[in-house]
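K.L.:
need a structure here:
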Amino acid sequence: MTASRFPIEAGHIMMFARAIGDFNPVYRDVDAARASEVGAIIAPPTFIQASAQYDPDYPLRPQPGVPWFGSGATPTGRVPNAEPTTSSPGSSSERSGGTGLHAEQHYEYHRPVRPGEVLTLTVRPGTAWEKQGRRGGLLHFRETIIEYRGEDGELAVVARGVGVRTEQTVKD
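P.N.:
Presented below is the predicted three-dimensional model:
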């Protein structure tokens, strides 16, 4: 992930909440949010994932004239290759071509995320491990940890994602 700053905008929060079907008024209605225990508009719990849209290298972000994952040009929209792709927030770098999967996502909230602030992202690797798959082949797991901090340096959210890459066995 190359995005390092994530501006939090009220319109983005509202559209994200609509897209996931969460119509809680604390995500869009200033008066309802002010009257609630949170006291102001806040972002939904998984909103942090939207920071990927600020990453110009995010592989699931469509780019004009470039086949993208899910575009329909091929089964995935991209020609498979062995080059690593940029990871999404909370997932590990995977190789394109269908062998990488997003396995887990965990969020640890230290405070609400509110419109008007700009969060700074710090990405670091977590643990990595391997496991034998049931259908043969080794499974390679890798954790990525992203810390989101406010402009004052205060920790807002920690996102922990686990990606898994499969290793296919070759049969003679």
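
K.L.:
May I see the buried residues of the longest helix that the chain contains?
P.N.:
Longest helix in the chain by number of residues, with DSSP state H as the criterion: helix 10-19. Buried residues in helix 10-19, counted by 16 or more other Cβ atoms under 10 Å: 12-14, 16-17. In short, each C-beta sits where N, CA and C put it, glycine included.

K.L.:
could I get those as TSV with distance to Ser51 and pLDDT?
P.N.:
What follows is these, written out as TSV (distance: Cβ to Cβ, whole Å; pLDDT from 0 to 100):
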residue	distance to Ser51	pLDDT
His12	10	96
Ile13	13	98
Met14	17	97
Phe16	11	97
Ala17	16	97
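
K.L.:
what about stretch 147-156, distance to the chain center?
P.N.:
17 Å (Cα atoms, centre = their mean, to the nearest Å).

K.L.:
What of stretch 112-132?
P.N.:
That offset, for stretch 112-132, works out to 8 Å (Cα atoms, centre = their mean).

K.L.:
hmm, who's touching that stretch?
P.N.:
Under the contact criterion Cβ atoms under 8 Å, 6 or more residues apart in numbering, stretch 112-132 has outside partners 1, 3-10, 13, 38, 40-43, 47-48, 51, 89, 92, 138-151, 156-157, 160, 162.

K.L.:
and the residues you listed, which of them are in helices?
P.N.:
Those of the contacts of stretch 112-132 lying in helices (DSSP H): 10, 13.

K.L.:
remind me which residues of the chain are low pLDDT?
P.N.:
Applying pLDDT under 70 to the chain flags residues 1-3, 69-98, 168-172.

K.L.:
and if we set it to 50?
P.N.:
Applying pLDDT under 50 to the chain picks out residues 82-98.

K.L.:
No further questions, thank you.
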